[in-house]
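Chemist: Could you work out the structure for the sequence below:
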Amino acid sequence: MNSCIKLVPSGDDEGEYTKEFKASLLQAISDVRYGRIHSFNEIKKI
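Modeler: Below is the predicted model of the structure:
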């Protein structure tokens, strides 16, 4: 995953992203891509 972190932008107008934040962005992208997400309505039922 370290090489993938290089694909994430280094930061935005508010500053530099940490390695932890970049890793969490990659995890979120992966979760969406592989359907590991729940809609708001699904969560609301819990």
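Chemist: Excluding chain neighbours, what is closest to Leu26?
Modeler: Cys4 (5.5 Å; Cβ to Cβ, 6 or more residues apart in numbering). Heads up, the C-betas are built off the backbone N, CA and C, glycines and all.
Chemist: so that neighbour is in which element?
Modeler: Using DSSP states H and E, Cys4 maps to helix 2-5.
Chemist: What is the distance between the helix or strand just after that helix and the centre of its chain?
Modeler: Note on helix 2-5: by DSSP H and E, the next helix or strand toward the C-terminus is strand 11-12. Centroid displacement of strand 11-12 relative to its chain, using Cα atoms, centre = their mean, to the nearest Å, is 14 Å.
Chemist: just the helices in this protein please.
Modeler: 2-5, 19-33, 40-45 (DSSP state H).
Chemist: And Lys19, how far from Leu25?
Modeler: 11 Å (Cβ to Cβ, to the nearest Å).
Chemist: Among those two, which residue is more densely surrounded?
Modeler: Leu25 (16 against 10; other Cβ atoms under 10 Å).
Chemist: Leaving out chain neighbours, which residue sits closest to that one?
Modeler: In space, Leu25 is closest to Val8, 5.5 Å off (Cβ to Cβ, 6+ apart).
Chemist: what pLDDT does Ala23 get?
Modeler: Per-residue pLDDT puts Ala23 at 89.
Chemist: Kindly report the same for Ile29.
Modeler: 88.
Chemist: ok, now His38?
Modeler: His38 is given a pLDDT of 91.
Chemist: now it: how far from Val32?
Modeler: 11 Å.
Chemist: same thing with Gly15?
Modeler: 25 Å.
Chemist: Repeat that for Lys22.
Modeler: Counting by Cβ to Cβ, the gap from Lys22 to Val32 is 16 Å.
Chemist: So those two - more neighbours on which side?
Modeler: Lys22 (19 against 10).
Chemist: Look up phi and psi at the closest residue to that one other than its chain neighbours.
Modeler: Counting by Cβ to Cβ, 6+ apart, Val8 is the residue found nearest to Lys22 once chain neighbours are left out, at 4.3 Å. Torsion angles at Val8 (phi, psi; degrees, to the nearest 10) stand at phi -80, psi 140.
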